[in-house]
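S.K.: With the input below, show me the fold.
(one chain, ligands or ions: 1)
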Amino acid sequence: MVKRVRVRGIEIAYEESGRGEPFVLLHGFLFNRSLWREQAEALADRVRLITPDLRGHGESSVAPGSATMEEMADDLAALLDELGVGRAGVAGLSMGGYVTLAFCRRYPERVRALVLADTRAQADTEEQRRARAEMERVALKEGMGPIADSMTPKLLAPETFASRPDIVERVRSMILGTPPAGAAAALRGMSVRRDQTEWLPEISVPTLILVGSEDAITPPAGSEAMRAKIRGARLVTIGGAGHASNIEQPAQFNRALADFLGGLSV
Ligand code: MLT
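M.R.: Presented below is the predicted three-dimensional model:
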């Protein structure tokens, strides 16, 4: 059931399920909290899951300007304050991973464990910034239709795209449901995000890194680079998955998460 809270001048929509230690799941760009349906079902008997819609996505407000990773990290801190949660496990996929890293850097005392899925620590290249500016132009001028057409095949492994119309439809409908102004704000925020690579060795909480074996947006090499910099981090490759690894191969993804949580004894 969706809940809403007003913080920092915007409304954040979120869901809660399960019992136990708090564990936050942050979706990626153009997705929303429904991305985590299978994980919420699989983990409800282990942890208290908190799944927000990031600003400009799903049912959360769109704010003018850029939605920086730090803004979204501050939104999460405010949401946790409202919920009376001091410290939580935090997991993020792709842009959700950028926000997770920003949150961990800004509020290290509030992070109990980290999961970084299909994400990277590096900042954008100039070429990526140009591509984001072009995507922003298209979103604001033509709406999300052309973006759903161009992004859906890139987000999924070729096999998923060819043989799982249910997943293709789910991804398309999340993209089509993203407000163009929300997508534009996140594109601006991602293009100015800081490079976190040299800060990674300061992470001192248990960390799990997950990546789809065929992730074309944040390829496995970036995950391996993070693993090498984060003390004790474990990397699990999700076979047969692209960038949306948690919905493409939920059984593998959930097993890796459950093993990780088991090791934390939560
Ligand atoms: C995401 O899935 O969150 C985005 O594709 C990440 C990005 O564009 O860098």
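S.K.: which SS state does whatever residue of the stretch 151-266 of the chain ends up closest to the ligand fall under?
M.R.: Nearest to the ligand in the stretch 151-266 of the chain, going by CB to the nearest ligand atom, is residue 217, at a distance of 4.8 Å. All C-beta atoms are positioned from the backbone trio N, CA, C, and that covers glycine. Put simply, residue 217 is coil when judged by DSSP: H, G, I helix; E, B strand; the rest coil.
S.K.: didn't it look like it was pressed against residue 94?
M.R.: Yes. Judged on CB atoms under 8 Å, residue 217 makes contact with residue 94 at a distance of 6.9 Å.
S.K.: Comparing the two, which shows the higher neighbour count?
M.R.: residue 94 (27 against 18; other CB atoms under 10 Å).
S.K.: how about the residue nearest to the more buried one when sequence neighbours are not counted, phi and psi?
M.R.: Of all residues not flanking residue 94 in the chain, residue 28 sits nearest, at 3.4 Å (CB to CB, 6 or more residues apart in numbering). Here is the backbone geometry of residue 28 (degrees, to the nearest 10): phi -90, psi 180.
S.K.: Neighbours of residue 28, how many?
M.R.: Neighbourhood size, residue 28 [other CB under 10 Å]: 28.
S.K.: And it, how far from the ligand?
M.R.: Residue 28 sits 3 Å away from the ligand, going by CB to the nearest ligand atom, to the nearest Å.
S.K.: pLDDT at that residue, what is it?
M.R.: pLDDT recorded at residue 28 is 98.
S.K.: Distance of it relative to residue 242?
M.R.: In this view, residue 28 and residue 242 are 12 Å apart by CB to CB, to the nearest Å.
S.K.: Over to residue 230?
M.R.: Look at residue 230 and residue 242: by CB to CB, they are 23 Å apart.
S.K.: ok, these two, which is more surrounded?
M.R.: Remark: of residue 230 and residue 242, residue 242 carries more neighbours, 26 against 23, as counted by other CB under 10 Å.
S.K.: Wait, the more buried one touches residue 153, no?
M.R.: No. The pair residue 242 / residue 153 is not scored as a contact, 9.2 Å apart, by CB under 8 Å.
S.K.: Closest to the centroid, which residue in the chain?
M.R.: Nearest residue to the geometric centre of the chain (CA atoms, centre = their mean): residue 96, 2.4 Å.
S.K.: tell me the pLDDT at it?
M.R.: pLDDT, residue 96: 98.
S.K.: Ramachandran angles for it?
M.R.: The phi/psi pair for residue 96 (degrees, to the nearest 10) reads phi -60, psi -30.
S.K.: what sits against it?
M.R.: Shown in contact with residue 96 (CB atoms under 8 Å, 6 or more residues apart in numbering): 25-28, 54, 117, 119.
S.K.: Please list the residues of this structure that sit near the ligand.
M.R.: 28-29, 94-95, 190, 217, 243 (CB under 6 Å from any ligand atom).
S.K.: one more time with 8 Å, if that's ok
M.R.: Within the chain, the residues that sit near the ligand (CB under 8 Å from any ligand atom) are 27-31, 93-98, 118-120, 124, 128, 132, 151, 155, 190, 217-218, 243-244.
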